[in-house]
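Q: show me the folded form of this:
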Amino acid sequence: MDDEYLISRFSSAAALLPYGLRETFENLSKVEKSLAEEFRLRAGLLPSVLLPGGEKRLGTKTVSPRDLVDTLEIATESSLHSSKESIKNGFVTGLGGHRIGICGTAIMKNGQIDGIRAVSSLTVRIAKEIRDCGREVAGSLVEDGRFISTMVISPPGGGKTTLLRDLVRQLSNRGFKVALADERGEIAAVRGGIPQADIGMRTDVLSSCPRDEAVMLLLRTMNPDIIAMDEITAPRDAKALESASNCGVGLLATAHASDVSELEGRGLYRDLLSQGIFKKAVVISKAEGIRTFSVQGLGGYECLK
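A: Numbering: from 1, shown residues only. Have a look, this model is predicted:
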């Protein structure tokens, strides 16, 4: 990938930080900027950047609670209140699709998390488009002109969202109508109704809506060939996907698992697989900073490609 592009994405993420912190990160070398994956901000500790070899502490000034609040204010464009639904789920998504994970003290209401106060740390994940990373994979997911429902799997931080974004683009540009349930706004990064990421010419996006509700709404309104979503995490997500599959729609989703065996061993996914709803898995592996993709059959499905 072009280093200039990677550095521009780094600077886009750094722009979400208050001025003093931003300077600290911008002092990194061009090579480090191009390799950076996340910013880590923990109150009372030095800020750090996540590189392929691990975290690197930066500067001499520790992160203050005010720095954390200011970062969230910038990311939400001074609309923390209107971002309450996102914050109670532990994240906000800033301009450019950079997702900010939030830790602090949970505010509980009726046994449910209703918000987070006394923010203690933030993780800013640098959103990057890696165009054509899914080109060969996309071809393996289409048989006789039909998309075969697929899960993209890897451990956390393995690159699922990046691959999903490019698969959506590839399949959309191949002629499939793709409906994207982008709950966290980090796949398409829609601003003012316009996706900031290239997700293809036949993709319709529904952002900031719970995944299960988004799947059903997209199914009813957009007549898609494929519904795509990030991270199946709850039984209600699985139920919505089951309903969509029964309507003949292809499904593309991500899940946390290191391999097919681990995926098949988890109850949430086991039901989907036993019903034959997902027939293929794209397994992302990473060694020495290099990611590779392999396409495997699920539930006894034999891949033709």
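
Q: next, count neighbours for Gln10.
A: For residue 10 the amino acid is Phe, not Gln. Applying other Cβ atoms under 10 Å, we find 24 residues neighbouring Phe10. Just so you know, the C-beta spots here come from the backbone N, C-alpha and C atoms, and that holds for glycine as well.

Q: return the set of buried residues in whichever strand or helix holds it.
A: In this structure, Phe10 is located in helix 3-14 according to DSSP states H and E. Buried residues in helix 3-14, defined by neighbour count with 16 or more other Cβ atoms under 10 Å: 6-7, 9-10, 12-14.

Q: which strand runs longest in the chain?
A: Counting residues, the longest strand found in the chain (DSSP state E) is strand 112-125.

Q: by contact count, what packs against that strand?
A: strand 38-42, helix 65-75, helix 84-87, strand 99-109 (3 or more Cβ pairs under 8 Å, 6 or more residues apart in numbering; DSSP states H and E).

Q: shaky segments in the stretch 201-305 of the chain?
A: 304-305 (pLDDT under 70).

Q: hey, where'd the strands end up in it?
A: 203-207, 226-229, 250-256, 280-287, 290-297 (DSSP state E, counting those that start in this stretch).

Q: which one, of these, ends up nearest to Leu164?
A: strand 250-256 (5.5 Å; Cβ to Cβ).

Q: so which of the helices and strands packed on strand 112-125 is nearest Glu32?
A: Judging those by Cβ to Cβ, what sits closest to Glu32 is strand 38-42, at 12.0 Å.

Q: now the closest one, how far from the centre of its chain.
A: 17 Å (Cα atoms, centre = their mean, to the nearest Å).

Q: that one - contacts with which helices or strands?
A: By 3+ Cβ pairs under 8 Å, 6+ apart, strand 38-42 packs against strand 48-51, helix 65-75, strand 112-125.

Q: in JSON lines, list the ones you listed along with distance to Gly248, mean neighbour count and mean pLDDT.
A: Output for these, formatted as JSON lines (distance: least, Cβ to Cβ, whole Å; neighbours: other Cβ atoms under 10 Å; pLDDT from 0 to 100):
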{"stretch": "strand 48-51", "distance to Gly248": "42", "mean neighbour count": "19", "mean pLDDT": "96"}
{"stretch": "helix 65-75", "distance to Gly248": "39", "mean neighbour count": "18", "mean pLDDT": "93"}
{"stretch": "strand 112-125", "distance to Gly248": "35", "mean neighbour count": "16", "mean pLDDT": "87"}
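
Q: using the three-state scheme, assign the residue located most distally from the centre of the chain.
A: Within the chain, Thr60 marks the point farthest from the mean C-alpha position, 31.8 Å out by Cα atoms, centre = their mean. Taking DSSP: H, G, I helix; E, B strand; the rest coil as the rule, one finds Thr60 in the coil state.

Q: which residue sits closest to it, ignoring its sequence neighbours?
A: Closest residue to Thr60 apart from its sequence neighbours, by Cβ to Cβ, 6 or more residues apart in numbering: Leu46 at 7.5 Å.

Q: that neighbour reaches Ser64, doesn't it?
A: No: the pair Leu46 / Ser64 is not scored as a contact, 11.7 Å apart, by Cβ atoms under 8 Å.
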